[in-house]
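Undergrad: here's a sequence, model it:
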Amino acid sequence: MPRSKCSPGTYFWLFYILILSLFSLWTLVDGIHVQGIWSPSTTLFKVITRFGFQRTDQNHRLETSGYMFGNITLLNHQSSSSSRKILLNKNNNNHSTILDSSNPYFNSGILLFANRTLFKHIYQLYKKTKNVHMNCNQTDDDLGGKFCADIFKAIHPKNTEKICHNSSNDDNDDDDEYFRYVPCPTGGTCDNQCQEMNIPNYQLTYVIDEQKDASFWYLLLLPCRRKFLNQTSFIWTRKSNTKTLLSYDLWIVNGHPNNRLTTRLIDSDYQFSYEQQNFWFYILLDFGYIILFLMQIYLLSMQKKMKNLNYLFTISLLLHSLSYFFICLHKIVFAQNGKGLETLFIIAEVMKIMSIALLILFVLVIAKGWPFTKPETFSKTLMIIMATIYIVINILLFIWMKNSLNMIEEVDEFHTVPGWISLGFRIVLMLWFIYELRHTMMLEQDSRRLKFYLHFGAGMLVWFVHLPLVAMVAIHIDLMWRCKIITGFSSTADFLAFAILTRIMWTTNNKQFLIPDNHIYNEELEYYDDDDSSFVVHQISENPSLIYGLDHECRALCSQYSEHLPSRFFIGTQSLKSNENQVHLLEYIEESNSLLKAVFQHRSGEIWHIISFSKQPQQLLTCFSSLSESNKIENRFTLWRIPIDVTENLNENENATSLELEKCHTFNRNDFDENSGRLARLKPEEEDELILCLETKLAYIDLETRQMKRYITVDNPGGPKTTTSRLSKISTCNWSPHFSSNIVTIVCNNNIYAKDLRSSSNHAWQISQAHSQMVRDMDFNPNSQHYLATCGDDCEVKFWDIRDTTKPVLKMLHHSHWVWSVRYNSFHDHLVLSSSSDGNVNLLRASSIASQPYGQLIEQEDLLDEEEDSTIKRLLVSDQRQSRNDDGLIRKFEDHADSVYAIEWSPNDPWIFASLSYDGRLIINKVPEDEKMNILV
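TA: Model prediction:
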């Protein structure tokens with residue numbers, strides 16, 4: 001497939017979007033050192049920040065208490081102290097303060113430090129005030145005054161002097177410790193700031209101690225002013241027409257500022273809110289990623305043959321390692337100045353998104369079976385486009401997610417709308433991964449690789465699903481702990497995923513799954529098919545087998561009989577989309593364990609049965625179903641002709657995927673007096689006559705004239721009848737190769753009837769109740785005229801002597817589900833194949849009823865070197881033959897993952913056979929060498 005070409009403008013816009021995304025995220029990272037400007041006239045309620053304070057340790061109270069300190073002054077006036085009039089009069093406390101409220105810049109607002117309970121109460125009052133504003137004609141000042149009054153009813157501030165209180169006291173008067181009148185005078189402290197608690201060189205300080213558990217506190221600015229009625233009382237008001245601007249510069253920390261560097265170089269808890277105290281966890285992960293990346297670099301340096309899969313994983317690991325390095329660098333700087341490197345942190349988050357996207361692409365490529373199980377050309381451009389789209393979508397969701405977060409609602413990034421969408425994408429990719437891995441495992445037969453796929457799939461499935469599960473569980477956990485749980489689980493799972501994949505990429509005992517050894521690299525991928533509709537898998541083993549896979553379901557398989565042609569097989573697909581069906585002609589090359597092929601379009605419908613002609617190898621017949629003009633499904637039989645140049649020179653057309661079949665003749669529903677079936681049988685030897693299986697009868701066709709000679713019917717008194725006839729439905733039929741090919745057998749449910757075409761008698765012979773359930777298939781012994789094999793839904797294979805049909809001469813039960821097909825070996829009738837819905841193909845030995853015992857093919861003179869040793873050698877050979885003469889299962893082939901509907905022996909090689917399962921998987925196997933020697937020797 002040609003490379004996709006992008007114009008320079010495309011790259012410019014991608015770069016522009018990336019830069020725009022980074023700048024749009026510039027303000028999304030909150031530091032603990034907060035700075036800003038606030039106008040009381042523009043907002044009724046401002047949340048500066050939220051901070052999680054740790055639990056107070058009574059033995060280390062100074063180090064574990066929470067502190068908020070800083071400055072807040074007028075921005076557009078040099079000092080507020082010059083506009084004050086302070087009158088000092090003696091009272092019970094020796095002094096009181098009366099403030100001139102006529103100055104609009106004094107007492108412009110309140111800086112309030114509220115716990116979670118108080119904050120929720122204030123927020124409810126705020127929403128109530130906003131709703132009232134929308135439904136009445138009150139002024140903003142009236143509503144603001146009521147809002148402030150309602151707030152301070154809950155706080156009850158009675159103290160206006162600088163009196164220090166113990167913050168652990170539950171008395172409501174101590175609520176003064178958690179709000180300050182702002183702005184503060186330049187060069188001094190706020191009016192109600194306790195000097196004993198104040199941090200030197202700062203205007204205000206809050207102390208949070210006696211914390212029994214970690215909890216959130218909220219720093220708020222409220223435009224509430226005191227309007228004094230007299231020297232001892234005041235009311236709360238708000239004036240929205242003033243143009244006051246306040247500048248704040250505040251620090252919020254865990255632990256006293258004077259003790260932060262007494263014990264260690266980097267205080268990992270001081271600047272960080274409690275839910276973000278994971279500094280050393282990130283440092284540890286960063287060291288782990290550095291080690292993994294160095295291991296991967298060493299692996300790349302040791303590999304002589306590089307593949308894109310190596311580079312893909314290495315780039316993903318590099319991006320992830322760099323992202324954690326940048327995050328650690330940001331946290332180190334943040335631990336020192338409370339701000340960190342916000343831009344670097346955003347870049348790290350974007351790199352992490354790109355890394356995870358590439359990792360998902362990596363595991364999807366493996367799940368698709370590349371580089372071994374399905375070495376077909378998959379569109380790399382499509383994969384790159386999909387990865388790019390996924391990265392862009394996740395970056396946009398990340399921007400949306402960060403903008404959706406706010407300190408008012410207690411939600412984390414995964415419990416927002418973009419967060420749920422991101423988790424949904426992850427689940428969709430997980431389902432895609434499962435689908436691809438299942439399809440690949442169906443096509444893989446190497447036990448080591450199947451075991452690898454099983455473990456790999458289980459591990460990556462846990463990695464895919466862990467984040468949605470943790471997010472769903474964490475929603476029921478307090479936000480203070482939720483962030484740590486999600487971060488801990490997700491970061492650890494990502495690290496384990498990269499570590500395990502790095503280990504998998506590593507060479508162990510010269511056996512690799514994802515990186516082939518150099519000396520077998522070309523052998524494994526040599527037989528490479530560019531057709532997207534099929535693929536070939538090769539195994540290098542003692543008894544090699546070969547897998548050919550198709551993208552459509554299949555049931556139809558037959559051998560192409562010809563004396564001068566090698567082992568060839570026809571496959572017919574069964575796609576519900578009629579125009580997508582195909583006929584595949586495959587030629588097996590034993591020397592190289594490879595296939596040549598030609599693919600023909602069969603747009604007529606889904607193929608149920610296929611027949612080849614030995615005397616005319618370029619001719620075949622298909623039984624298929626398709627929609628009629630009245631939108632009813634009808635079964636048809638069509639004779640086709642293959643171009644002779646394709647038949648004789650298949651190697652020149654191995655890459656052809658759109659060849660056309662020449663239609664010779666079609667037998668339609670109108671040619672018969674009842675519905676057609678889905679089966680046809682060609683008369684052996686002459687191949688001049690054909691029987692087509694209809695619903696309750698057989699149509700006897702003369703192929704020379706293409707006309708029907710007569711119907712063949714059978715009365716089955718005990719079988720199920722159709723609604724329109726007294727005759728029973730026919731399930732299958734066959735043509736005996738003996739008796740001059742004049743015997744046709746018909747199966748109705750579980751009864752078998754033989755019709756002699758030369759006689760008008762009802763039955764030549766019959767087998768009643770051949771199986772306890774329906775008979776699915778039968779096959780005659782090609783070398784012995786009296787024996788046939790049957791199989792059915794009772795999981796059994798039975799062998800019959802037609803001279804005495806009262807009971808079978810041999811029964812074999814080696815399947816666990818319906819047996820669909822049974823086939824005699826035409827060269828050595830000791831060997832019988834059976835296939836079943838249990839996904840297995842059984843190679844059976846029926847030597848007790850074979851036409852010749854084992855070892856008859858060897859010349860007698862080969863056994864007699866000397867006259868005096870002949871008797872001993874004959875006895876030894878006789879004993880060996882007796883041990884080999886046991887009937888039963890030779891070997892069970894468990895390579896299929898779906899029902900095996902068809903099996904066929906090679907017409908020219910007695911040791912090769914093919915099996916076809918419904919999932920479109922054709923497997924070519926051989927008779928085991930020891931069994932082959934048993935027959936020949």
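
Undergrad: just grab the bridge partners of residue 831 for me.
TA: When bridges are called by DSSP bridges, residue 831 pairs up with residue 845.

Undergrad: typo on my end, it should be residue 228
TA: In this structure, residue 228 bridges to residue 234 when assessed by DSSP bridges.

Undergrad: the spatially closest residue to residue 434 that is not a sequence neighbour: helix or strand, and which one exactly?
TA: The spatially closest residue to residue 434, leaving aside those adjacent along the chain, is residue 461, at 6.9 Å (CB to CB, 6 or more residues apart in numbering). Backbone N, C-alpha and C define where each C-beta goes, glycine included. Taking DSSP states H and E as the definition, residue 461 sits inside helix 447-474.

Undergrad: may I see the buried residues of that helix?
TA: Residues of helix 447-474 classed as buried: 449-450, 452-453, 456-457, 459-460, 463-464, 466-468, 470-471, 474 (neighbour count, 16 or more other CB atoms under 10 Å).

Undergrad: could you list every helix and strand in contact with it?
TA: Where contact means 3 or more CB pairs under 8 Å, 6 or more residues apart in numbering; DSSP states H and E, helix 447-474 is packed against helix 342-367, helix 417-443, helix 479-505.

Undergrad: which one of those lies closest to residue 936?
TA: helix 417-443 (33.2 Å; CB to CB).

Undergrad: can you pull the contacts of the residue nearest to residue 434?
TA: By CB atoms under 8 Å, 6 or more residues apart in numbering, the contact list for residue 461 reads 430, 433-434.

Undergrad: same check, this time on residue 493
TA: Contacts of residue 493 (CB under 8 Å, 6+ apart): 462-463, 466-467.

Undergrad: need the per-residue pLDDT for it.
TA: Looking at residue 493, its pLDDT reads 89.

Undergrad: same check, this time on residue 361
TA: At residue 361, the model reports a pLDDT of 86.

Undergrad: for residue 703, give its distance to residue 736.
TA: Distance, residue 703 to residue 736, by CB to CB, to the nearest Å: 19 Å.

Undergrad: so between these two, which is more surrounded?
TA: Set residue 703 next to residue 736 and count neighbours by other CB atoms under 10 Å: residue 736 wins out with 21 against 18.

Undergrad: surely that one and residue 746 touch.
TA: No. Counting by CB atoms under 8 Å, residue 736 does not reach residue 746; the two are 11.7 Å apart.

Undergrad: overlap in contacts, these two.
TA: residue 754.

Undergrad: where does pLDDT dip in the stretch 451-600 of the chain?
TA: Across the stretch 451-600 of the chain, residues meeting the criterion (pLDDT under 70) sit at 507-544, 563.

Undergrad: actually the stretch 701-850 of the chain, sorry about that
TA: For the stretch 701-850 of the chain, the ranges with pLDDT under 70 are 716-727.

Undergrad: let's see it at 80
TA: Across the stretch 701-850 of the chain, the ranges flagged by pLDDT under 80 are 714-728, 760-762.

Undergrad: what's the domain layout of the chain?
TA: Split into domains by automatic domain parsing, the chain comes to 33-259, 278-508.

Undergrad: and the ones you listed, which one's lowest on average pLDDT?
TA: Lowest mean pLDDT of those: domain 33-259, a mean of 70.

Undergrad: what pairs with the host helix or strand of residue 745, and is each one parallel or antiparallel?
TA: Using DSSP H and E, the element containing residue 745 is strand 743-748. Looking at strand 743-748 with DSSP bridges, its partner strands are strand 732-735 (antiparallel), strand 751-756 (antiparallel).

Undergrad: what packs against the helix or strand just after the last one?
TA: Note on strand 751-756: by DSSP H and E, the next helix or strand toward the C-terminus is strand 765-767. Using 3+ CB pairs under 8 Å, 6+ apart as the contact definition, the elements that strand 765-767 packs against are strand 751-756.

Undergrad: what's next to the strand it packs on, contact-wise?
TA: Strand 751-756 is contacted from outside by 712, 714, 716, 718-719, 736, 739, 742-747, 763-770, 775, 778, 790, 802, using CB under 8 Å, 6+ apart.

Undergrad: on that earlier part again, neighbour-wise, which of the contacts of residue 461 leads?
TA: Result: residue 433 is most packed of the contacts of residue 461 (other CB under 10 Å), 21 neighbours.

Undergrad: is it in contact with residue 363, as I believe?
TA: Yes. Under the criterion of CB under 8 Å, residue 433 makes contact with residue 363 at 6.3 Å.

Undergrad: which residues are in contact with both of those two?
TA: Between them, residue 433 and residue 363 have residue 460 as joint contacts when contacts are counted by CB under 8 Å, 6+ apart.

Undergrad: I'd say residue 238 and residue 149 touch.
TA: No. Taking CB under 8 Å as the definition, residue 238 is not a contact partner of residue 149, at 9.9 Å.

Undergrad: what about those two, which has more around it?
TA: With neighbours defined as other CB under 10 Å, residue 238 and residue 149 compare such that residue 238 has more, 25 against 15.

Undergrad: can you tell me which residues contact that one?
TA: Counting by CB under 8 Å, 6+ apart, residue 238 touches 40, 44, 140-141, 144-145, 147-148, 223-225.

Undergrad: how much space separates it from residue 350?
TA: Distance, residue 238 to residue 350, using CB to CB: 43 Å.

Undergrad: what do you get for residue 404?
TA: 17 Å.

Undergrad: neighbour count: those two, which is higher?
TA: residue 350 (20 against 16).

Undergrad: now the more buried one, nearest residue through space, not along the chain?
TA: Spatial nearest neighbour of residue 350, chain neighbours left out: residue 395 (6.1 Å); criterion: CB to CB, 6+ apart.

Undergrad: just give me the neighbour total for that neighbour.
TA: Around residue 395 there are 20 residues (other CB under 10 Å).

Undergrad: done for today, thanks.
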